[in-house]
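>>> Just to be clear, the model below is a prediction. Sequence and coordinates:
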Amino acid sequence: MRVALFLTCVNDTLYPDTGRAVVKLLTRLGVEVDFPMAQTCCGQAHYNTGYRHQAEPLARHFSDVFGSDAYDAIVTPSGSCGAMVRELYPRMGERARAEGRGEGLARTLAPVVPKTYELTEFLVDVLGVTDVGAYYPHKVTYHPTCHGLRSLGLGERPTRLLRAVEGLELVELPGAEECCGFGGTFAVKNSDVSAAMGTDKVRNAESTGADVLCAADNSCLMHIAGTATRLRTAVRPVHIAEILASTEEEPLS
Amino acid sequence: MSGGTFVGMPAFPEAAHEAVGNTTLRANLRHATHTIRDKRARAVAELDDWAELREAGRRIKDHTLRHLDHYLMRLEESVVRAGGTVHWAADADEANRIVTALVKATGESEVVKVKSMATQEIGLNEALEAEGIHAYETDLAELIVQLGHDRPSHILVPAIHRNRGEIRDIFAKEMADWGRPAPEGLTDSPAELAEAARLHLREKFLRAKVGISGANFMVAETGTLVVVESEGNGRMCLTLPETLISVVGIEKTIPTWRDLEVFLQTLPRSSTAERMNPYTSMWTGTTDAATADGPSTFHLVLLDNGRTDTLADEVGRQALRCIRCSACLNVCPVYERAGGHAYGSVYPGPIGAILSPQLRGTRSEIDASLPYASSLCGACYEVCPVAIDIPEVLVHLRERVVQGGEATRQGVKVTLKPAKGHAAERAAMRAAGLAFARPGALRAGQRIASRTRRFHPRMLPGPGRAWSATRDLPKVPAEPFRDWWQRTRGDRSGGTTEGNDA
Ligand code: SF4
């Protein structure tokens, strides 16, 4: 099995540890991982802010980079960027068609859509594993980010993976399904409401007594972490890939 | 929207700022929305065919909207056959003129009203008042809003932002000015408050000769109008007065009586978490006043006010499926913190954020800011009983705000200019787009960021300041992932390398 790692521009630039964790984890599970160096950004921020036309060339570029038959799957440690490709690329194609621009964009984007998986989906659905042989002796609570929860429908996959981690104690997060308040440019444009939502998320996490708040999306974690340090809370946000990659011999954070 | 109630509203972020800081308001809202959302989830879970009902509701509404001209003509025929008169109102002013003239023709200077969003949308009460006609709201929550000189903040519970103590004070202070005063020594017990309202309203019902209502549904086949409610005050308005004037948005049409079956299951469960609402009133034309209850004169005012323009928009038209259940408000984390008033319209919350900028256009500051009043978390879409993809419409309207484009206004196709104040953002998005189109540029940017990481401020300048005022920025790592990959595995990286772009 050969997969292309779609790391997302945010992870690449700000959270390289998550990328290294995915490579370590997938390699351990016998998957051959490639990182196509020409990858940039899926265009989600553009699209969701109302710049659909500016997102189109980015989506085309994505398809050029990842569309190769050499890959059995495209794997990303981000629920929201995964949802961008799977849910919104087809929609971009439809809109282009409705605007009388023919099949072009839809046809270009089609090959990458069914091949793109969020990491936990790939592990559970494609590789068929829930115990990835990880060791992580911490008390962890899980925040199912909105796009992972509602657009991709990740469901129990992440928590099943976490439960199988040796030494990990999973505790339920109150109000887990509520948005953390990130929402890309929402955090800037409606900063007061966004901050209030983030504060509630952090307080809820704190109330569980967990030392780690885990999610499958670094953008949401960045927002939560930024709020958490301001609130001087002890809960540490960690990406699920880093937990799953951690072993007794090579513990991560 | 005319009527003036919300004119001059600040943009959403500004209006929300106040609400976020108001801890009483936030506590009231949090308590109310969380209670109802949990109850709704249980009421919905009772039905094993919820998904099918939701799909059926979506289809009935879509079908009707696609053939709206046809069904409206049928509706008109049916209403006339049943003894009613139909009036068509293109906008708020026309609707207000029609209703005012109808009331004046009766010689009355007082009307009772059953809660109606359409009449709030057009500012009917204010228009009537200007002509010396007093309109009395009879829905309990509406009454609280009216007595408190306030604005509604929720579709179903317009006074959701008030707690019992505040309501007691409003009753004690204001009721006397409007009619029967509140009893001496009124406390904030729900039973006493309800009794005070009942006595106050009874006097109005028995005196009124003219009633004004909205409707939840209009059945084209039979000309029947339907109101679902919890208190029964609406039914009083519909049966006691001699003249009934119903003002209804054209999108409330459904083809047949049978279609009600779907909505009478989904609406109460979605809105009040009840299996069935306590009162369902249906009226068809006029009744013979000598032998039966009900009005002897019936007028139906069909209101457009931006609806056919909305219908012309392929993505946005789904907003017209809305049955005003308010489930999307109750799950919305933004509504919960910003409060209903921040939306600057009688339609608050997620549905308001997509409906108002379509009905009113995106020219005003508040309307241009509404499509951004969401983190796109998708909770609203998940609960909507007619499956309106609110996030999809929000993004579509954002596009209209920042890029302009085709739209229909007052029946005419126009090309909208982008809203003001987005030039810097547009430039930034374009620049980012260019950088992302060339991985070399992205990499160069990352390297600069890494090298200068010791000097990065923890506060952002410009528009980013709002972010960093309440949250810390992440530290830029010493080495971006792609550099690590190339350093450690570069030899093994597949055919696609940095070389083949540039
Ligand atoms: S948009 Fe959907 S959930 Fe919201 S009020 Fe309308 S019908 Fe209810």
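Arrived safely. Numbers count the residues shown, from 1 in each chain, chains lettered A, B, ... in the order given.

>>> which non-adjacent residue is nearest A:L149?
A:E177 (6.3 Å; C-beta to C-beta, 6 or more residues apart in numbering or on different chains). Glycine gets a C-beta too; all of them are placed from N, C-alpha and C.

>>> And that neighbour, its phi and psi?
phi -80, psi 0 (degrees, to the nearest 10).

>>> In this model B:A379 seems to touch it, though I could be wrong.
Yes: the pair formed by A:E177 and B:A379 meets the contact definition of C-beta atoms under 8 Å, at 7.5 Å.

>>> Neighbour count: the two, which is higher?
B:A379 (26 against 14; other C-beta atoms under 10 Å in any protein chain shown).

>>> from what I can see that one touches A:C179, true?
Yes: using C-beta under 8 Å, B:A379 is in contact with A:C179, at 7.1 Å.

>>> which neighbours do these two share?
A:146, B:333 (C-beta atoms under 8 Å, 6 or more residues apart in numbering or on different chains).

>>> Residue 162 - nearest residue in space that isn't next to it in sequence?
Using chain A here. A:L170 (5.2 Å).

>>> looking at chain B here, not the other one
B:R162 sits nearest to B:I144 (C-beta to C-beta, 6+ apart), 6.2 Å away.

>>> Next, count neighbours for that neighbour.
23.

>>> hang on, it packs against B:A159?
Yes: when contacts are counted by C-beta under 8 Å, B:I144 is listed as touching B:A159 (4.1 Å).

>>> joint contacts of the two?
With C-beta under 8 Å, 6+ apart as the test, B:I144 and B:A159 both reach B:150, B:167.

>>> And the contacts of the helix or strand of chain A with the lowest mean pLDDT?
In chain A, no helix or strand scores lower on mean pLDDT, DSSP states H and E than helix A:9-14, which sits at a mean of 88. Residues from elsewhere that reach helix A:9-14 (C-beta under 8 Å, 6+ apart): A:18-19, A:40-41, A:77-78, A:218-219, A:222, B:436, B:442, B:446, B:449, B:474, B:476-477, B:480-482.

>>> what about the nearest residue to A:T76 once chain neighbours are set aside, how many neighbours?
Nearest residue to A:T76 in three dimensions, chain neighbours excluded: A:F6, at 4.2 Å (C-beta to C-beta, 6+ apart). A:F6 has 28 neighbours, counted by other C-beta under 10 Å.

>>> how about B:Q358, phi and psi?
Torsion angles, degrees, to the nearest 10, at B:Q358: phi -90, psi -40.

>>> Please disregard the earlier target; I meant B:M218.
Per degrees, to the nearest 10, the backbone of B:M218 is at phi -130, psi 120.

>>> I'd say it and B:S78 touch.
No: judged on C-beta under 8 Å, B:M218 makes no contact with B:S78 at a distance of 9.2 Å.

>>> Find the residues that touch each one of the two.
In contact with both B:M218 and B:S78: B:T224, using C-beta under 8 Å, 6+ apart.

>>> Look at the two and report which has more neighbours.
Shown here are B:M218 and B:S78; by other C-beta under 10 Å, B:M218 has more neighbours (25 against 20).

>>> Tell me the residues of chain A that contact the ligand?
Residues of chain A lying close to the ligand (C-beta under 6 Å from any ligand atom): none.

>>> Residue in chain A with the shortest distance to the ligand?
A:R150 (14.6 Å; C-beta to the nearest ligand atom).

>>> ok, how many other residues are close to that residue?
22.

>>> how about the strands in the stretch 401-502 of chain B?
B:405-409, B:412-416 (DSSP state E, counting those that start in this stretch).

>>> What are the boundaries of the helices in the stretch 1-150 of chain A?
Per DSSP state H, counting those that start in this stretch, the stretch 1-150 of chain A carries helices over the ranges A:9-14, A:16-28, A:44-49, A:52-66, A:79-83, A:89-98, A:104-109, A:119-121, A:146.

>>> So for chain A, the centremost residue is which one?
Nearest residue to the geometric centre of chain A (C-alpha atoms, centre = their mean): A:S78, 1.3 Å.

>>> Need the pLDDT of that residue.
Predicted confidence (pLDDT) for A:S78: 96.

>>> Surely it is in contact with A:S219?
Yes: look at A:S78 against A:S219 with C-beta under 8 Å: they come within range, at 7.2 Å.
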